[in-house]
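K.L.:
sequence plus the predicted model coming up.
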Amino acid sequence: MRTDTSPGTLPAREHLPAADAGTPVLDVVIPVYNEEKDLQPCVLRLHEHLKRTFPYAFRITIADNASVDTTPQVAARLESEIPEVTSFRLEQKGRGRALRTVWSASDAPILAYMDVDLSTDLNALLPLVAPLISGHSDLAIGSRLARSSRVVRGAKREFISRTYNLILRGSLQARFSDAQCGFKAIRRDVAQALLPLVEDTGWFFDTEMLVLAERAGLRIHEVPVDWVDDPDSTVHIVRTATEDLKGVWRVGKALASGSLPLDRVTRPFGDDPRDRDIQDVPKGLARQLVGFCVVGGLSTLFYLVLYSLFRQFGGSQVANALALLVSAVANTAANRRLTFGVRGKGGAVRHQAQGLVVFAIGLALTSGSLAALNAASSDPAHSTELAVLVAANLAATVLRFLLFRAWVFPDRDDSTEEPPLAALDSPSSPTYSTAPQSPQHPRYPGSYAPLPQRQPQQETYDTASTTQFRAGEAADGTWRDATMRLQPVRPHDTDPRNSR
């Protein structure tokens, strides 16, 4: 499966259109389990901050993970008192399960979540979601490990966090800096495509989602945050770390085997309409060159070892042919998987057959070089034979790369792309099944409305009359500049129930 050349099924990112509508722009999910003490202060503080600083309609969703204390009653009371607050009850534990359920059912174009302890400074919330609203990024995360972040926490948690991120970088080649910070956001269109691929329902949910998004080529924006550790946190560190390591192994194995259809989540090259018209642009050339050189270097060493071994039992021509044949099969298999990113068994026999044709060309070059050497000297030294073969193999390597790229593993044509994104939700998907359908909720009708500006006097959200648009698409079907115009912040707009 080629993941580096497919244009994918997600459209190019666009500015979310600004228009008056009842659908909130932002849905902030707060997953909770037995948080009767902290839930109300958290929601009131977050609501006051959004009222004061966020210029568009928003919603705060309390996702109760099967709490057994009075958390459901506190959530119901907040929902009845504050129009922008809603609650959602799940009968099973798991932060990942809560986020998947609420995000899958939400109608807001921007989805976020934060921990109930509000360890992260809320001033980072608008910078977190702004790149998603503008169309610059697909996901956004808060980072406690950025240079400009200010963090207060113990040495034990600091060591665990940095060790975990080093493990992710070493095993899954992750480039984001902080996978565990409970402060993240995602565009709804991205979530619809990405969440069916995420298996974890617990604390590893964040990491798995970020790794798959990064491997699919989605853009992840990082925001430095100020963060103060909650000494009363109920997270079981040892158990969570064990589950995370199991998740790292599972995701790494899936990525290595190519069983994840990540090409269905990629975006086309370039967001400017002029870029989409570019034809025949080489894709991944630099990465392919590096991979081909590494495989070629190892193949050359393998070939020389085989040649020296076969030379003890036969002539130079026979040893060269056998060594080149064995190394060519291994070289084709390695380049197929590592250099050109082809996954699965489909087309493997054809690729090997084409690789043997390339091998024949290399055999002609190297055999011709040996024949010329034997014609010039009746008994050439072994070191001279190896030097001639190395030079001939260099010429054959250049030709092999060109043939591999243009003939054996060419870029796929658009007509051979994967089925549309809707196929992700099909129960007949042979590789990955989608998550179960979330229960319907009156606050989540499932429509994707244009980006509304917040109306201060509006107490309820009328989603029945909302017209559906694609991002950047006007009602008449034309595409226009949908850059948002921010309304001035009203410093007096606060909630009197908050003692602060």
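P.N.:
In hand now; what should we look at? These figures come from a predicted structure and were not determined experimentally. Numbers count the residues shown, from 1 in each chain.

K.L.:
let me know the helix or strand that the nearest residue to Arg311 once chain neighbours are set aside is in.
P.N.:
Spatial nearest neighbour of Arg311, excluding adjacent residues (Cβ to Cβ, 6 or more residues apart in numbering): Ala319 at 4.2 Å. All C-beta atoms are positioned from the backbone trio N, CA, C, and that covers glycine. Ala319 is located in helix 316-334, with elements delineated by DSSP states H and E.

K.L.:
right, and the helix or strand after that helix?
P.N.:
Assigned by DSSP H and E, the successor of helix 316-334 is helix 348-376.

K.L.:
centroid-nearest residue for this structure?
P.N.:
Ala213 (0.5 Å; Cα atoms, centre = their mean).

K.L.:
contacting residues for the residue nearest to that residue when sequence neighbours are not counted?
P.N.:
Distances taken as Cβ to Cβ, 6+ apart place Leu139 nearest to Ala213, at 5.5 Å, with adjacent residues excluded. Shown in contact with Leu139 (Cβ atoms under 8 Å, 6 or more residues apart in numbering): 132, 184-187, 190, 209-210, 213, 218-221.

K.L.:
which of those residues fall within helices?
P.N.:
If you go by DSSP state H, those have Leu132, Val190, Met209, Leu210, Ala213 in helices.

K.L.:
quick check, pLDDT for Gln453.
P.N.:
Looking at Gln453, its pLDDT stands at 56.

K.L.:
repeat that for Ile133.
P.N.:
93.

K.L.:
run a quick neighbour tally on the residue nearest to it when sequence neighbours are not counted.
P.N.:
Closest residue in space to Ile133, ignoring its immediate chain neighbours: Leu16 at 5.4 Å, by Cβ to Cβ, 6+ apart. Neighbours of Leu16 under the rule other Cβ atoms under 10 Å: 28.

K.L.:
swap in Ala406?
P.N.:
Neighbour tally, Ala406, other Cβ under 10 Å: 10.

K.L.:
just the pLDDT for it.
P.N.:
84.

K.L.:
and it, that's in a helix?
P.N.:
Yes - read with DSSP: H, G, I helix; E, B strand; the rest coil, Ala406 is one of the residues of a helix.

K.L.:
could you measure from it over to Val43?
P.N.:
59 Å (Cβ to Cβ, to the nearest Å).

K.L.:
now do Ala376
P.N.:
86 Å.

K.L.:
before we move on, what about Ala75?
P.N.:
Counting by Cβ to Cβ, the gap from Ala75 to Val43 is 8 Å.

K.L.:
do Ala353 as well
P.N.:
Taken as Cβ to Cβ, the span from Ala353 to Val43 is 64 Å.

K.L.:
quick one, which of the two is more surrounded?
P.N.:
Between Ala353 and Val43, counting by other Cβ under 10 Å, Val43 is the more crowded of the two (26 against 11).

K.L.:
and the helix holding Ala319, what does it pack against?
P.N.:
helix 285-311, helix 348-376, helix 382-403 (3 or more Cβ pairs under 8 Å, 6 or more residues apart in numbering; DSSP states H and E).

K.L.:
out of those, the one nearest Tyr33 is which?
P.N.:
helix 285-311 (42.9 Å; Cβ to Cβ).

K.L.:
how far off centre is that closest one?
P.N.:
32 Å (Cα atoms, centre = their mean, to the nearest Å).

K.L.:
just checking, what packs against that helix?
P.N.:
helix 316-334, helix 382-403.

K.L.:
list the buried residues for the helix holding Ala319?
P.N.:
Residues 316, 319-325, 327-328, 330-332, 334 are the ones in helix 316-334 that count as buried (16 or more other Cβ atoms under 10 Å).

K.L.:
for those residues, which one is nearest Trp227?
P.N.:
Ala334 (43.5 Å).

K.L.:
what residues are up against the closest one?
P.N.:
Ala334 neighbours (Cβ under 8 Å, 6+ apart): Val295, Leu298, Ser299.

K.L.:
please redo it, this time with the cut-off set to 7 Å
P.N.:
Val295 (Cβ atoms under 7 Å, 6 or more residues apart in numbering).

K.L.:
quick one: the helices in the stretch 1-150 of the chain?
P.N.:
39-53, 71-81, 95-105, 125-134 (DSSP state H, counting those that start in this stretch).

K.L.:
could you export the first one as PDB, CA atoms only?
P.N.:
Same thing as helix 39-53. Listed next in PDB are the C-alpha coordinates belonging to helix 39-53 (Å, rounded to 0.1, in the frame of the first residue of the first chain):
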ATOM      1  CA  LEU A  39     -16.300  19.200  37.900                       C
ATOM      2  CA  GLN A  40     -18.300  22.300  38.700                       C
ATOM      3  CA  PRO A  41     -15.400  24.600  39.400                       C
ATOM      4  CA  CYS A  42     -13.700  23.400  36.200                       C
ATOM      5  CA  VAL A  43     -16.800  23.900  34.000                       C
ATOM      6  CA  LEU A  44     -17.600  27.300  35.500                       C
ATOM      7  CA  ARG A  45     -14.000  28.500  35.000                       C
ATOM      8  CA  LEU A  46     -13.800  27.200  31.400                       C
ATOM      9  CA  HIS A  47     -17.300  28.700  30.600                       C
ATOM     10  CA  GLU A  48     -16.300  32.100  31.900                       C
ATOM     11  CA  HIS A  49     -13.000  32.000  30.000                       C
ATOM     12  CA  LEU A  50     -14.700  31.100  26.700                       C
ATOM     13  CA  LYS A  51     -17.500  33.700  27.200                       C
ATOM     14  CA  ARG A  52     -14.800  36.300  27.700                       C
ATOM     15  CA  THR A  53     -12.300  35.400  25.100                       C
END
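
K.L.:
and that helix with helix 125-134, angle?
P.N.:
60 degrees (axes from the mean of the first three to the mean of the last three Cα atoms, to 10 degrees).

K.L.:
let me see the mean pLDDT of helix 39-53.
P.N.:
94.

K.L.:
one more: stretch 373-388?
P.N.:
So the average pLDDT for stretch 373-388 ends up being 83.

K.L.:
also stretch 91-100?
P.N.:
So the average pLDDT for stretch 91-100 ends up being 91.

K.L.:
for stretch 168-180, same thing?
P.N.:
86.

K.L.:
what's the local residue count around Phe310?
P.N.:
Counted with other Cβ under 10 Å, Phe310 comes out at 18.

K.L.:
quick revisit: show me what contacts the residue nearest to the centre of the chain?
P.N.:
Asp138, Leu139, Leu194, Ile220.

K.L.:
now do it against Gly182, distance only.
P.N.:
Taking Cβ to Cβ, one finds Ala213 at 17 Å from Gly182.

K.L.:
which regions of this structure sit below the pLDDT cut-off?
P.N.:
Where the chain drops to pLDDT under 70, the residues are 1-9, 17-21, 230-237, 268-284, 411-500.

K.L.:
centre of it to the edge, which residue is at the far end?
P.N.:
Farthest out in the chain is Ser378, which, by Cα atoms, centre = their mean, sits 60.6 Å from the centre.

K.L.:
phi and psi next, for that one.
P.N.:
phi -70, psi -30 (degrees, to the nearest 10).

K.L.:
quick check: closest non-adjacent residue to Arg89.
P.N.:
Asp64 (4.9 Å).

K.L.:
isn't that neighbour right up against Gln92?
P.N.:
No - here Asp64 lies out of contact with Gln92, judged by Cβ atoms under 7 Å, at a distance of 10.9 Å.

K.L.:
neighbour-wise, which of the two wins?
P.N.:
With neighbours defined as other Cβ under 10 Å, Asp64 and Gln92 compare such that Asp64 has more, 23 against 10.

K.L.:
how about the contacts made by the more buried one?
P.N.:
Counted by Cβ under 7 Å, 6+ apart, Asp64 has contacts Val32, Thr71, Pro72, Ala75, Ser87, Phe88, Arg89, Leu90.
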